[in-house]
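Enquirer: Coordinates for the following, if possible.
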Amino acid sequence: LPFDDRMHIILDTFLDGRNAFFFEVNPLGSVGDALVSDNGRSNNTSWEGLFVGKSRITEEGWEAELSIPFKTLSFNPQSNTWGLFMNRMLETKQEWGSWPVANINMPEAAVSDAGRITGLNGITQGIGLDIAPYIIGGLDDPSDENISYKFNGGGDIYYRVTPSLKASLSLNTDFAEIEADSRQINLSRFNIRLQEKRNFFLDGADLYSFGMEGRRTEPPSGKLSPFFSRRMGLDAEGSSISINYAAKVTGRVNKFNIGMLHVNERRESGNANSSVARVSYNLGELSSIGMITTYGNAINELDNLTTGIDLNLATAKFKGNKSLALKLYGIKSHTEDIQGKDAAWGAQILYPNDFISFKIGHQQIGKNFLAGLGFVPRTDIKEYWGEITIGPRINKFGVRQISFGGEFNYVTNFSNQLQSQSLEIQPF
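Expert: Residues are numbered from 1 along each chain as shown. Coordinates of the predicted model:
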């Protein structure tokens, strides 16, 4: 609900100051939700949680009420304290109010700004088992042939091994009820990155994020993703194929963030099995280090393995209350009969604060780099980018803040031939 008056409720159920559940409602009762990660810098808005939101307009303004089942959330039942952060957005005045008072240098969904809600005793998620079976039946009655009957079935099973670790199994996966993609006209020379909408893959999707993925941190040319779940269930031409079964384990164990996935597809040729392993470890309050490995190839029939590591060093207390982050990643692909020019790496410094905000970064993607289960917008590139915004708060003549700045993007290939460049200046 980006252009409406709205209210946000952010629940940090594990008190890690990084990840949270996000719920919002506007005065007409429209609702939205998301999974927040990286302290508000990355939001998975495709996630669909079960909850009810109601609101009404009164003479004094408007009021809202949310009903969120405990089963929708992941939490530790042994802890009686959660993080709670509430925002009120008034678009007509471009005002943002929050409880507790927010750090103006942080994103609007900054989990680290959350206050504390206590007294959550005796709550439970039930036995932690969900079973969603399906049965499809039908018949085919062509005018000149015998009637043929059709039958199919399968289902999904979810089980919480611990309050923060979930095991999932999908048999003969059915995606017939999933929302269709919106039609888009692509006038560029690069593929469109479509959002994942299948619940089985959306659950725990933030745990597979790698490198510079994120709403505020991705490079101008697009983010390199070693694992892109939209590859699952598609052949090399983009046509749908059946998934025989899929199994995964996602969640958090102490300071470790874990995402494991294995998929078996009904492919006519090539490797029918695909696997992903992603593990990261939390360092300090907001930093982390991790690795990812993928095996499988949905792009062509060659065997493909990718292995990468990434490092995120971040703080929200630089010079008191300023945000500062350094992101690094390196990844290499191993593809059958292809050697050399098969690595990628990148680095970026971010200083996203109110008065001065800037970022500067660089990445290289080799010509033969192939992420068989991922999404790579461009290969054979060296990319440089930067952005700066200065926003003094003058609070005069009815103007609270003015901002000016600019950004650039410069891309060459490995032969140093210019591929694209852009420069934008924002005077006010």
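Enquirer: which residues touch residue 402?
Expert: By C-beta atoms under 8 Å, 6 or more residues apart in numbering, residue 402 lies in contact with 391, 392, 394, 428. For every residue, glycine as well, the C-beta is placed using N, CA and C.
Enquirer: And for residue 107?
Expert: 39, 40, 41, 216, 352.
Enquirer: Go through these and flag which are in helices.
Expert: If you go by DSSP state H, the contacts of residue 107 have nothing in helices.
Enquirer: min pLDDT across those residues, which one?
Expert: Least confident of these in the model: residue 216, at 61.
Enquirer: Touching, residue 222 and residue 190? I think so.
Expert: Yes - counting by C-beta atoms under 8 Å, residue 222 touches residue 190, with 7.2 Å between them.
Enquirer: what's the neighbour count on residue 399?
Expert: 9 (other C-beta atoms under 10 Å).
Enquirer: Next one: it relative to residue 393, how far apart?
Expert: 9 Å (C-beta to C-beta, to the nearest Å).
Enquirer: between the two, what contacts are shared?
Expert: What both residue 399 and residue 393 touch, as defined by C-beta under 8 Å, 6+ apart, is an empty set.
Enquirer: Just the buried ones among the contacts of residue 107, please.
Expert: If you count burial by 16 or more other C-beta atoms under 10 Å, the buried members of the contacts of residue 107 come out as 39, 40, 41, 352.
Enquirer: out of those residues, which are inside strands?
Expert: residue 352 (DSSP state E).
Enquirer: Turn the buried ones among the contacts of residue 107 into a markdown table, including distance to residue 138.
Expert: A markdown table is the format used below for the buried ones among the contacts of residue 107 (distance: C-beta to C-beta, whole Å):
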| residue | distance to residue 138 |
| --- | --- |
| 39 | 49 |
| 40 | 46 |
| 41 | 46 |
| 352 | 53 |
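Enquirer: Sort out which one of the buried ones among the contacts of residue 107 lies nearest residue 328 for me.
Expert: Taking C-beta to C-beta as the measure, residue 328 sits nearest to residue 41 out of those, at 15.8 Å.
Enquirer: Show me the helices in the stretch 151-300 of the chain, by range?
Expert: 199-202 (DSSP state H, counting those that start in this stretch).
Enquirer: Low-confidence regions, the protein specifically.
Expert: 143-144, 214-217, 221 (pLDDT under 70).
Enquirer: Which residue ranges of the stretch 101-250 of the chain form strands?
Expert: With DSSP state E, counting those that start in this stretch as the definition, the stretch 101-250 of the chain shows strands at residue ranges 115-117, 129-140, 148-162, 165-171, 243-253.
Enquirer: by contact count, what packs against the longest one?
Expert: Right, the one you point to is strand 148-162. Counting contacts by 3 or more C-beta pairs under 8 Å, 6 or more residues apart in numbering; DSSP states H and E, strand 148-162 packs against strand 129-140, strand 165-171, strand 243-253.
Enquirer: Relative to the whole chain's centre, how far out is the shortest one?
Expert: Pointing back at strand 165-171 there. 19 Å (C-alpha atoms, centre = their mean, to the nearest Å).
Enquirer: Show me which positions of that strand end up buried.
Expert: Buried, per 16+ other C-beta under 10 Å, within strand 165-171: 165, 166, 167, 168, 170, 171.
Enquirer: So which elements touch it?
Expert: strand 148-162, strand 243-253.
Enquirer: and the angle for that strand with strand 148-162?
Expert: Angle, strand 165-171 to strand 148-162, by axes from the mean of the first three to the mean of the last three C-alpha atoms, to 10 degrees: 170 degrees.
Enquirer: before we move on, the earlier item: which of the buried ones among the contacts of residue 107 sits closest to residue 303?
Expert: residue 41 (34.9 Å).
Enquirer: what's the burial count for residue 361?
Expert: With other C-beta under 10 Å as criterion, residue 361 counts 20.
Enquirer: ditto for residue 289
Expert: 15.
Enquirer: One more: residue 183?
Expert: Residue 183: 5 neighbours (other C-beta under 10 Å).
Enquirer: Now do the buried residues in stretch 332-339.
Expert: 333, 335.
Enquirer: Quick one: distance of that stretch to the chain centre.
Expert: Distance, centroid of stretch 332-339 to centroid of chain: 28 Å (C-alpha atoms, centre = their mean).
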